[in-house]
Structure formats: structure tokens, C-alpha cells
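1. Build the 3D model from these lines:
(2 chains)
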Number of protein chains: 2
Amino acid sequence: MKAALLSGGVGGARFARGLVAALDPGDVTIVGNVGDDVEILGLHVSPDLDSILYTLAGLSDEERGWGRAGETWNALAAAGRWGGEEWFRLGDLDLGLHLVRTQALRGGGPLSEVTADLVRRAGLAVRILPATDDRLRTHVVTPAGTFSFQHWFVARGHRDEVDAVELEGADAARPAPGVLEALESADAILVAPSNPFVSVGPILAVPGIRAALESRRIRCVAVSPLIGGAAVKGPADRMLARMAGGTTPAHVARCYEGLVDALVIDSADAPADAPVELVVTTTLMDDLDASRRLAEVALEAACA
Amino acid sequence: MKAALLSGGVGGARFARGLVAALDPGDVTIVGNVGDDVEILGLHVSPDLDSILYTLAGLSDEERGWGRAGETWNALAAAGRWGGEEWFRLGDLDLGLHLVRTQALRGGGPLSEVTADLVRRAGLAVRILPATDDRLRTHVVTPAGTFSFQHWFVARGHRDEVDAVELEGADAARPAPGVLEALESADAILVAPSNPFVSVGPILAVPGIRAALESRRIRCVAVSPLIGGAAVKGPADRMLARMAGGTTPAHVARCYEGLVDALVIDSADAPADAPVELVVTTTLMDDLDASRRLAEVALEAACA
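-> Numbers count the residues shown, from 1 in each chain, chains lettered A, B, ... in the order given. Take a look at the predicted model:
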């Protein structure tokens, strides 16, 4: 059974780990968000792709929730001393990857190829694809002004309410090589429990990807990122409340209108009404078993 | 009293520290070699300028002889895991500087400006100038082939004998802003105890700098890098033996023919004959006091 997963960073990465455990890893393609990619100290950073890579490779820091385990921060501190930007936390181990990726990108390699090489070097059989090799950047419109995603998320600690999300470059972005093929050959398409606006939204904003989902001949199942109407981490609940008008399963489902056939929700959010089929289970992924069980529920719903 | 110093890396940096201690630091301009600059993992590394900067800022690792004290190596190890080059040892603290410099250079700033900013941020009153902002790269011709300087020096452990040194870009290189002014306004011009071929040579190969030295109206004094005909560190002795025909003070002096008025040599190399005035003293710089005493001897010889 082949599955294609649309995924953001941390929560998506945890779900991806469960999916890879539930299936043959070689049958899993993960399409990752690049809207929050950012250039820091001249390096191309792809936080969501890296969260997926690090999590699947067993390199991630489980406690901190992002970045690498055993991380140190000496280069960033030194850069700060010499006048470099310090607002975006780049660890030394993490930097090693950004250096290699940036050098490869400057050499003319597209992000999808560079990412495939990293996945191969991590010894993973799964495929991780950026949604697009083209430049796509997420900006958020807030009462305090419009900010690039990372500026808002990291530098401002996502404290500003978000009125709208702008996806620079989305209209012209083409799906990265392999994305459409993965969606077309999949037996199930899944949407990870990621932020619908800033994690999954930028993927779905690539016209070719959206069209592929709209014309799908198999089922697409999303997993809600909320538990009891609240985000496990991050601002998804606040964004849903403000931009979608609420945090019920119906509000989540409407973010994916016409694109998903079922929504997996936590029992804390049931019973509920929604414009799509609802599947109720435990969605908190506090270990690999929980991630795998959740992935299995989503896969079952996709094959129903 | 104003002094201008032509300097390579480690040995030159130690001498520079003594010179700065002997004079008002604001009256010292150090013109550094850039022939061994190298791009590693997409970053612009200036090993000689950095050795000078780190040494004067008290950041250098005295025991290892290069790089920063308290250094860690996590980013390089991670980069290696992802397929990045690992042959050139870049520590995490060191990387912080290379990131900031590379970003500034890509932003269009010339190396001299970027270096001046680093010096300012280190809180130093001394001036450190690259010999040129133009691209100048040292290659060595050996029986095993022609190699870029760092490839030969680091990757091949400078094991190959050197038949000739080629200085790519030297003919077209212009002195960096401030270099000629420093040479013209100096009361003394000094040449550090650095390798004449690959450390001082690339500086003197910049036509404007060579011409300024040839037409100097003040004395120029070089310090021999050899003690008892042997290099304290590095391949200077082997290069002198093979390319200049010997390792006596006369052989060192002939590397600077027409450019220096006196050569400071170690008592282990005296007595000797040479085509320039010889000044005999103790040249081993095993602490700051020794560096300052050596600088004072050189300054005295320059003012004789």
C-alpha cells in the first residue's frame, strides 16, 4: 500500500514517523511545506523538511520539540559576537546540514534533489519531497503589520493574532518533481495534523497540488491538529478561532473543503458535526506507538 | 611612531601581538596575506587574517597554534555526515565568523570593509587590512602536481616538495584601500617572520605594494622565520632549501631583494653574511614578552 502525506513540521513529523512504521517506508512519500523556509546567516534553512528528516532519522530532540538532540550553539553565539543575526536558533549540528544544503543549492541543484540526497545519506527509504522547488514564502498579516513567517513565529514569538496568510510565489509554484506522481500513484493521501493555514496551506496553495487533490480518485484523509479545540503546540487554535471562526472539527474540515473525504479527530472533540466523515480516536502522539496507531486509523479511513 | 607590518598567519600573528604591545595599537596597520583564502562549505575563509584577528583579540588557541580556544567541531562533523567536505578543519566558533563574513561579502562588501568591521567588533584599535580585495590565490607546483595552497597545506599535509609558487590573480590585484596609505605614512615597515614564499610572497606580488616598497623612503626590516636554519613550524625551511638553495640568512634576505634594508635573525643563525644589514637577537616568540622584545628590536633596526 502506497501513501502520500502532506506535512508541516513537528506534529507532521511525528505523524510521518508513525506512518513509516505502519507501512513499508519505501511506499511512503512525504510532501513537506517550504513556506517557512528562511535564509539565516546566508544559509537556506528548511525547518519543516528538516523536522521530518531529523525525526525519521532518529536525530531530533524529543524534549525541545525541534532541532537535533545533543545540540550545541557555539557557532551562533560566535556569529552574534561578530554582528551576525542571532534571532533564529541554529545549532551547530543543524548548521552542518544547512551548510551542505546551501552549498548544493548555490551549485544549482533544486531543493528536491538536495533533499533526496540528505534522505539517502540518512539511510532512509522514505521519500521526502518539498512541495515545490520554486520560491514560495509564507507571510502573515497581523494587526501589528505583515511579517514573514519566521519573523512572526520566532522573532515575535507568534504573539500577534493573524488576520490572513499570504503565500508569496504560490500561484507560479510548480509541484516539485515526483509530487504529482506520488499523489497519483498513492492508495491513500493523508494530511498530517499540522497547522492548516501555515503548514498545510502553503502546500495546497501550489496550483498543481491542489488540482491533483481536487481530481483525486482515491480518498484523502486529514488528521486534525487540535485536541479538545486546542493546539498541542503552536498557534493553530488561535488562528482557527480568528480566521475560521472556531476550533471545532467542522472548522478544521472547512479548511480542507473539497480536498478531504474524512477528518480524524480526537475523542475530546467528539461528538461533532462536520461537512466530511469524522473518525474518532486518540490523536495525541506521545510516543512512536501512538503515532503508528494514529497513522493506521487514518490509513483505514482512507481505504474505507 | 607608526608601523606597517606585512604578515602571514600564525608566526606573523604572534609578531603582530608584540608589535601592538610595543606601540600604540592605533598606530599599527597589519597587511595580511589572502593568498591562502579558501571557500569551504560555501564559506569564505581567510585563515591568515583570522589568525591575526584571533591572536590580537586573545581568542586564539595557543596550544594548537591555530583557530580559537575552547573550540568545538560539531557542525563540521554533521556536515560530513550529510556529504559535506571535512578536510579543512572548521570549528563551530570559527564558523560563526565565516558565516558573518561570507554573508557580508555576498552582500557586496569588499573584504577590507568586512575585516575592518570584525576588528572593530573585537574592540581592537589596530588596523588589519587584506593585501587586496581582489581575488588572489596561491598555488604550489610540486612533483605530484599543482595544488591550491590549502589543498597542499592541509589536505596533503604539505608533504610534497615545492618547486614553484603560482599566484593566481596577483598581476591584476590592486592594494586594498588603506594599504598604500599605511605604507606611505609609516615610520617603519616590517615584514613578519612568516613564510617568504606563501605568506609574505603573495602580499609582495600585488604590484602596487611591491612598487610602494621599492620606492620607500623609510627603512623596511624583515624578521627571519628560521631559527638555526629551521622553521619553528611549517615548511618554510624546506621551501627555502629547495627554491632558494639554502636556509641561511642570505637565502632569506634574497627573497626580499631590493625590498628590505635589514633582516633580524636569531643568534643561532649568526654570524652570517647577507646582502642586507643583519640584526641578531632571540627570535623565538614563546610568550607575549618575547614577541614584544622582538618587535622592539625590529622597530629599532627600522629607525636606525
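
2. Can you name the residues that contact the nearest residue in space to residue A:110 that is not next to it in sequence?
-> Nearest residue to residue A:110 in three dimensions, chain neighbours excluded: residue A:133, at 4.0 Å (C-beta to C-beta, 6 or more residues apart in numbering or on different chains). All C-beta spots, glycine's among them, are computed from the backbone N, C-alpha and C. Listed by C-beta atoms under 8 Å, 6 or more residues apart in numbering or on different chains, the contact set of residue A:133 reads A:110-112, A:174, A:176-177.

3. Write a PyMOL command that selects only the buried members of these.
-> If you want just the buried ones from the contacts of residue A:133 in PyMOL, going by 16 or more other C-beta atoms under 10 Å in any protein chain shown, the selection is:
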select buried, chain A and resi 110+111+112+176
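
4. Let's see stretch A:92-105 as CSV, backbone CA atoms only.
-> Coordinates of each C-alpha in stretch A:92-105 appear next as CSV, following Å, rounded to 0.1, in the frame of the first residue of the first chain:
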residue,chain,number,x,y,z
ASP,A,92,26.0,23.6,15.4
LEU,A,93,24.8,20.2,14.3
ASP,A,94,21.9,21.7,12.5
LEU,A,95,24.3,24.2,10.8
GLY,A,96,26.2,21.3,9.3
LEU,A,97,23.1,20.4,7.3
HIS,A,98,22.3,23.9,6.3
LEU,A,99,25.9,24.4,5.1
VAL,A,100,25.7,21.3,2.9
ARG,A,101,22.2,22.2,1.5
THR,A,102,23.1,25.8,0.8
GLN,A,103,26.3,24.9,-1.0
ALA,A,104,24.3,22.4,-3.1
LEU,A,105,21.6,24.9,-3.9
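
5. quick check, it touching chain B?
-> Yes - legend: contact between stretch A:92-105 and chain B by C-beta under 8 Å from any C-beta of the partner chain is shown at A:92-97, A:99-103.

6. for residue A:179, phi and psi?
-> phi -70, psi -50 (degrees, to the nearest 10).

7. Spit out the contact partners of it.
-> Contacts of residue A:179 (C-beta under 8 Å, 6+ apart): A:29, A:31, A:129, A:131-132, A:208-209.

8. Could you do residue A:206 as well?
-> The contact partners of residue A:206, taken as C-beta under 8 Å, 6+ apart, are A:131-132, A:136, A:170, A:173-175.

9. if we can go back for a sec, quick check: the gap between the residue nearest to residue A:110 and chain B.
-> 19 Å (C-beta to the nearest C-beta, to the nearest Å).

10. Just the pLDDT for that residue.
-> Residue A:133 carries a pLDDT score of 98 in this model.

11. and the nearest residue to residue A:258 once chain neighbours are set aside, how many neighbours?
-> With sequence-adjacent residues excluded and distances taken as C-beta to C-beta, 6+ apart, residue A:258 is closest to residue A:214, at 6.1 Å. Neighbour count of residue A:214, defined by other C-beta atoms under 10 Å in any protein chain shown: 11.

12. same check, this time on the one 10 residues further on
-> Residue neighbour count, defined by other C-beta under 10 Å, stands at 28 for residue A:224.

13. Please look at it and residue A:281 and confirm they touch.
-> No - in this structure, residue A:224 is not within contact of residue A:281 by C-beta atoms under 8 Å, at 10.5 Å.

14. Quickly list what's touching both of the two.
-> Common neighbours of residue A:224 and residue A:281 (criterion: C-beta under 8 Å, 6+ apart): A:264-266.

15. Give me the buried entries from these.
-> Buried subset of the shared contacts of residue A:224 and residue A:281 (neighbour count, 16+ other C-beta under 10 Å): A:264-266.

16. any idea which of these is closest to chain B?
-> Nearest to chain B, judged by C-beta to the nearest C-beta, of those is residue A:264 at 34.0 Å.

17. Which neighbouring elements make contact with the stretch of helix or strand that closest one belongs to?
-> Using DSSP states H and E, residue A:264 sits in strand A:262-266. For strand A:262-266, the packing partners by 3 or more C-beta pairs under 8 Å, 6 or more residues apart in numbering or on different chains; DSSP states H and E come out as strand A:220-223, strand A:226-227, helix A:249-255, strand A:277-281, helix A:288-302.

18. What pairs with the second one, parallel or antiparallel?
-> The reference is to strand A:226-227. Using DSSP bridges, the strands paired with strand A:226-227 are strand A:230-231 (antiparallel).

19. which residues are contacting the partner strand?
-> With C-beta under 8 Å, 6+ apart as the test, strand A:230-231 has contacts from A:195, A:225, A:237-238, A:247.

20. again, only using 7 Å
-> For strand A:230-231, the surrounding residues in contact (C-beta atoms under 7 Å, 6 or more residues apart in numbering or on different chains) are A:225, A:237.

21. so how far is it off the chain centroid?
-> 16 Å (C-alpha atoms, centre = their mean, to the nearest Å).

22. Could you check how far the helix or strand where residue A:44 lies is from the centre of its chain?
-> Element membership of residue A:44 [criterion: DSSP H and E] is strand A:43-45. Averaging C-alpha positions (C-alpha atoms, centre = their mean) puts strand A:43-45 17 Å from its chain's average.

23. Please identify the buried residues of it?
-> Neighbour counts over strand A:43-45 (16+ other C-beta under 10 Å) mark A:43-45 as buried.

24. Would you convert these into a markdown table that also reports pLDDT and distance to residue B:301?
-> Formatted as a markdown table, the buried residues of strand A:43-45 follow (pLDDT from 0 to 100; distance: C-beta to C-beta, whole Å):
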| residue | pLDDT | distance to residue B:301 |
| --- | --- | --- |
| A:43 | 98 | 48 |
| A:44 | 98 | 53 |
| A:45 | 98 | 53 |
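
25. Make TSV from the shared contacts of residue A:224 and residue A:281 and add pLDDT to it.
-> Shown next, in TSV, are those (pLDDT from 0 to 100):
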residue	pLDDT
A:264	98
A:265	98
A:266	98
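
26. the strands in the stretch 1-150 of chain A, which residues?
-> A:3-7, A:28-32, A:38-40, A:43-45, A:127-130, A:137-142, A:145-148 (DSSP state E, counting those that start in this stretch).

27. Export the helices and strands packed on strand A:262-266 as CSV, with columns for mean pLDDT and mean neighbour count.
-> Listed next are these as CSV, based on pLDDT from 0 to 100; neighbours: other C-beta atoms under 10 Å in any protein chain shown:
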stretch, mean pLDDT, mean neighbour count
strand A:220-223, 98, 27
strand A:226-227, 98, 20
helix A:249-255, 98, 22
strand A:277-281, 98, 18
helix A:288-302, 98, 20
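
28. Residue B:243 is nearest to which of these?
-> helix A:288-302 (63.3 Å; C-beta to C-beta).

29. tell me what the closest one is packed against?
-> Helices and strands touching helix A:288-302, by 3 or more C-beta pairs under 7 Å, 6 or more residues apart in numbering or on different chains; DSSP states H and E, are helix A:10-22, strand A:188-191, strand A:220-223, strand A:262-266, strand A:277-281.

30. so how far is that helix from its chain's centroid?
-> Using C-alpha atoms, centre = their mean, the offset of helix A:288-302 from its chain centre is 17 Å.

31. Now do it and helix A:10-22, the angle between them.
-> 80 degrees (axes from the mean of the first three to the mean of the last three C-alpha atoms, to 10 degrees).

32. what's in contact with helix A:288-302?
-> A:3, A:14-15, A:17-19, A:21-22, A:188, A:190, A:219, A:221, A:223, A:262, A:264, A:279, A:281, A:283-285.

33. Stretch A:259-269: end-to-end distance?
-> 21 Å (C-alpha to C-alpha, to the nearest Å).

34. Just give the nearest non-adjacent residue to residue A:261, would you?
-> Per C-beta to C-beta, 6+ apart, closest to residue A:261 is residue A:219, 4.4 Å.

35. Identify the residues contacting the one you found.
-> By C-beta under 7 Å, 6+ apart, residue A:219 lies in contact with A:188, A:261-262, A:302.

36. now these in a markdown table, with distance to residue A:52?
-> A markdown table is the format used below for the contacts of residue A:219 (distance: C-beta to C-beta, whole Å):
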| residue | distance to residue A:52 |
| --- | --- |
| A:188 | 18 |
| A:261 | 24 |
| A:262 | 23 |
| A:302 | 20 |
